[in-house]
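1. please find the sequence and the predicted model below.
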Amino acid sequence: MTYLFETRMMVRDYECDIEGIVNNANYLHYMEHTRHLFLKECGLSFADMHRKGIDAVVARMNLQFKTPLRCDDEFVSRLNLKKEGIRYVFQQDIYRAADNQLCFRGTADLVCLVNGRLAPSPEYDNAFAHFIEKNSPQKP
């Protein structure tokens, strides 16, 4: 699979549970951090958008845990993006860097609240336009 964006991170000891593997909740942090870095690359700041009254919020997630990450593992978090109606659907995969083993696969559906109301966001649409067009099904 070809991805639109990726970033490298490392598992910190406090992210692991008594079994010595990354606690499942931390994968949500990895996903969110990756999306925020992607936003920056697209020219948007999550904090600046909030100050303008535009909040991208998670509406739904689907998570699949494949192979556990452990303390000090370096990993690569990758994402793809498509738009379905007013939802931005982020496909996010995490691979252990040492052997490129798929550790986690998830999707996060985000919607925008504009001044507290569910609405499309021209700012997000414009920032993602190139990526969304690239991943949209071709029209006959």
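-> That came through fine.
2. what's the weakest-modelled helix or strand in the chain?
-> Ranked by mean pLDDT, DSSP states H and E, the helix or strand of the chain with the weakest confidence is helix 122-135, at a mean of 86.
3. need the contact partners of that helix.
-> Helix 122-135 is contacted from outside by 4, 39, 42-44, 49, 52, 54, 56, 80-83, 88, 112, using CB atoms under 8 Å, 6 or more residues apart in numbering. No exception for glycine: its C-beta is placed from N, CA and C like everyone else's.
4. what subset of the residues you listed is buried?
-> 4, 39, 42, 44, 49, 54, 56, 80-83, 88, 112 (16 or more other CB atoms under 10 Å).
5. tell me which two of these sit farthest apart.
-> The span of those, defined through CB to CB, is set by 54 and 80 at 22.5 Å.
6. distance from the chain centre to the longest strand seen in the chain, please.
-> Counting by DSSP state E, the longest strand found in the chain is strand 101-114. Put simply, strand 101-114 sits 5 Å off its chain's centre (CA atoms, centre = their mean, to the nearest Å).
7. that one to helix 122-135, inter-axis angle?
-> Interaxial angle, strand 101-114 versus helix 122-135 (axes from the mean of the first three to the mean of the last three CA atoms, to 10 degrees): 140 degrees.
8. ok, the next helix or strand after strand 101-114: who's next to it in the sheet?
-> Downstream of strand 101-114, the next assigned helix or strand under DSSP states H and E is strand 117-118. In the sheet, strand 117-118 lines up against strand 101-114 (antiparallel) (DSSP bridges).
9. circling back: okay, and which of the contacts of helix 122-135 map to strands?
-> Per DSSP E, these map to strands at 54, 56, 80-83, 88, 112.
10. any chance of CSV for those, columns distance to residue 15?
-> Shown next, in CSV, are the ones in strands among the contacts of helix 122-135 (distance: CB to CB, whole Å):
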residue, distance to residue 15
54, 30
56, 24
80, 24
81, 26
82, 29
83, 31
88, 26
112, 30
